[in-house]
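[1] Fold the following, please.
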Amino acid sequence: MTEKDFMALKNGTDVRGTAIASADSPVTLTDEAVTRIASAFLVWVTAKTGNPHPVIAVGHDSRISAGRISDAVTRGITACGGNVVLTGLSSTPSMFMLLKDDFGADASVMITASHLPREKNGLKFFVPEGGLEGSDIAEVLRIAALGVFPEGGGTVTKRSYIEKYAADLVEKVQKATGEAQPLAGKRILVDAGNGAGGFYVDLVLKPLGADTVGSQFLEPDGNFPNHIPNPENKDAMRSVSEAVLRNHADFGIIFDTDVDRAGAVAPDGEEINRNRLIALISAILLKERTGAYIVTDSVTSDGLAAFIKAHGGIHHRFKRGYKNVINESKRLNAEGNYSPLAIETSGHAALKENYFLDDGAYLVTRLLIALATASKEGKNLLSLIDDLPEPKEADEIRLTFAPGCDYKALGAEVIRDFGAYAIAKPYLSLAPDNYEGVRVNFDKAHGDGWVLVRMSLHEPIMPINAESNTAGGNKLILKELYSFLKEYPYLNCEPLEKRVK
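    Got it, this is the predicted structure:
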């Protein structure tokens, strides 16, 4: 394999590829690739720690390729003198938290591809300071391509950690509420989507006294036979919402495959997702300390910004990408600006109090503390966001590029041109707090809302987000955008055309 082959597996701060061949895609995450990347990570950790025989914890989610990938990772590490502790079925957050505990590992590898289809898989890497940055991943992949590794014979042991991780969450809720079973009398169900999140029912909710009747798809199954484990997936959210209504639950929880993201559902089946989820956790944190900076991705609504301001916070929009918002929140804190939360509309949420770890289970646990507290006061958790201004309409449309074109350069051209177009129109204005793509505000007569045109972080896709405060407003906004974009022959505007006709 060449360096180019290895670099093709880089996906931001992760390694991802095809683990099971399909008609459209051959296997790219081969045994050779995984073994050499694992050896390279061992070399990288050795250089960082000075320890020639570090202990590396290795865990995985429920994907059906997990066993093969885990074996390859183990071979790569032990062949170079590293020692492996296999943690079995694990969540991504737990694979970091064990490094902050007395587990005895120097670094960890999580085998997951998050919410991607069943044929995909990947690797996430952690050291005690946090997840590796994109530059670290590039260095590991360069070492893998070079292929010069020490020889050794490391050991392999097995030891689960998810039970300790869950017990710590239970203890946090008990300390915060002052009760052993603060969720007694509450029916709270979980939809794990056959990913790794099923542990939350038996190891967290039941010890806290919750009635978990109605929880579904808790058994790990990497074929994902019921729905994709993804809080952004419409089928997944419809499934958990229906379960909440069917079982008369007080609260519904949905996790993605590796439990670094979460969504929630109110008793009436209404989704607590995207802007509503951000508003809810922001309200909880701002009750504890006002004046805080809430860092979000770029597609959050104007209503959310108004809500955060009304609750004594400062809304700080930044680039999409969970590492981007986390690093921006860290930067603000380093400059003396208190920022307790970095969160994306996708459900990625990292709290300062929790090492800025992207942790869906921790986020949900924080919500459950607030639910228990509100219940004790005779209140409803959702009353915290009663004053959230919500748009009348919201759309997300994804446009593709012609095969083989230089989509990055062409996408940048479209964004630049649309920005110039907006400046020239008296009824349009550029949003001042935008860090990616171009976000354009439309006045009341021309849509009463905004549109964001940006490029996907990792794919040849141009996502478009639009919101309007008026019924029918999005059609006006998107119709004008379509008139502009249809002049670019390399951009497939068919999905946008269908929306406006």
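
[2] Make sure residue 92 is actually in contact with residue 259.
    Yes. The pair residue 92 / residue 259 is scored as a contact, 6.4 Å apart, by C-beta atoms under 8 Å. From N, CA and C alone the C-beta is placed, and that goes for glycine too.

[3] how's this protein carved up into domains?
    Taking automatic domain parsing as the reference, the chain has its domains at 3-160, 161-269, 273-358, 393-500.

[4] What is the end-to-end distance of the shortest one?
    To tie it back to what came earlier, the one meant is domain 273-358. 16 Å (C-alpha to C-alpha, to the nearest Å).

[5] And the second one, by the same measure?
    This stretch, domain 161-269, spans 33 Å end to end (C-alpha to C-alpha).

[6] Kindly report the same for the longest one.
    With C-alpha to C-alpha applied, domain 3-160 spans 35 Å between its terminal residues.

[7] gap between stretch 176-189 and the chain center?
    Chain-centre distance of stretch 176-189: 27 Å, with C-alpha atoms, centre = their mean, to the nearest Å.

[8] Name the residues of it that come out as buried.
    Residues 176, 177, 181, 182, 183, 186, 187, 188, 189 are the ones in stretch 176-189 that count as buried (16 or more other C-beta atoms under 10 Å).

[9] right, and the third one touches residue 211 too?
    By that I understand residue 181. No. Residue 181 is not in contact with residue 211 according to C-beta under 8 Å; the separation is 11.1 Å.

[10] list the contacts for the residue nearest to residue 142 when sequence neighbours are not counted?
    Leaving aside its chain neighbours, residue 142 sits nearest to residue 3 (6.3 Å; criterion: C-beta to C-beta, 6 or more residues apart in numbering). Residue 3 sits next to 141, 142, 145 when contact means C-beta atoms under 8 Å, 6 or more residues apart in numbering.

[11] on that earlier part again, what is the most widely separated pair among the buried residues of stretch 176-189?
    176 and 189 (21.8 Å; C-beta to C-beta).

[12] State the distance from the residue nearest the centre of the chain to residue 16.
    Most central in the chain under C-alpha atoms, centre = their mean is residue 348, positioned 3.4 Å from the mean C-alpha point. From residue 348 across to residue 16, the span is 16 Å (C-beta to C-beta, to the nearest Å).

[13] Go ahead and name everything in contact with the one helix or strand residue 171 maps to.
    Element membership of residue 171 [criterion: DSSP states H and E] is helix 162-177. Here helix 162-177 makes contact (C-beta under 8 Å, 6+ apart) with 87, 89-91, 93-94, 97-98, 101, 180, 182-183, 199-200, 203-204, 207-208, 361-362, 365, 368-369, 372-373, 376.

[14] Can you name the residues bridging to residue 253?
    residue 190, residue 264 (DSSP bridges).

[15] so it touches residue 201, yeah?
    No. Residue 253 is not in contact with residue 201 according to C-beta under 8 Å; the separation is 9.2 Å.

[16] okay, these two: which has more neighbours?
    More neighbours surround residue 253 than the other of residue 253 and residue 201, with 32 against 19 (other C-beta atoms under 10 Å).

[17] who touches that one in this structure?
    188, 189, 190, 191, 200, 240, 262, 263, 264, 265, 364.

[18] Name the nearest of those residues relative to residue 434.
    residue 263 (25.4 Å).

[19] Contact partners for that closest one?
    Contacts for residue 263 were tallied using C-beta under 8 Å, 6+ apart; they are 231, 232, 237, 240, 253, 254, 271, 272, 273, 277, 347.

[20] In a markdown table, list the residues you listed along with secondary structure.
    Formatted as a markdown table, the contacts of residue 263 follow (DSSP: H, G, I helix; E, B strand; the rest coil):
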| residue | secondary structure |
| --- | --- |
| 231 | coil |
| 232 | coil |
| 237 | helix |
| 240 | helix |
| 253 | strand |
| 254 | strand |
| 271 | strand |
| 272 | strand |
| 273 | coil |
| 277 | helix |
| 347 | coil |
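
[21] Farthest pair within those residues?
    Greatest spatial distance among the contacts of residue 263 (C-beta to C-beta): 232 and 253, at 15.0 Å.

[22] can you give me the strands in the stretch 1-150 of the chain?
    Along the stretch 1-150 of the chain, counting by DSSP state E, counting those that start in this stretch, strands occupy 10-11, 14-18, 55-60, 83-89, 107-111, 120-127, 130-131.

[23] Which one of these lies nearest to residue 157?
    strand 83-89 (5.4 Å).

[24] and the angle from that closest one to helix 162-177?
    Orientation of strand 83-89 against helix 162-177 (axes from the mean of the first three to the mean of the last three C-alpha atoms, to 10 degrees) gives an angle of 70 degrees.

[25] Near residue 480, how many other residues are there?
    Residue crowding around residue 480 was assessed by other C-beta under 10 Å; the count is 20.

[26] wait, residue 134
    Neighbour count for residue 134, taken as other C-beta under 10 Å: 14.

[27] Which residue is the nearest non-sequential neighbour of it?
    Distance criterion C-beta to C-beta, 6+ apart; nearest residue to residue 134, sequence neighbours excluded, is residue 13 at 5.2 Å.

[28] where does residue 196 land in three-state SS?
    Here residue 196 is recorded as coil under three-state DSSP.

[29] ok, it - contacts?
    Counting by C-beta under 8 Å, 6+ apart, residue 196 makes contact with 61, 62, 89, 90, 91, 220, 255, 257, 258, 259.

[30] Please repeat the previous calculation with a cut-off of 6 Å.
    Applying C-beta atoms under 6 Å, 6 or more residues apart in numbering to residue 196 gives the contacts 61, 62, 89, 91, 258, 259.
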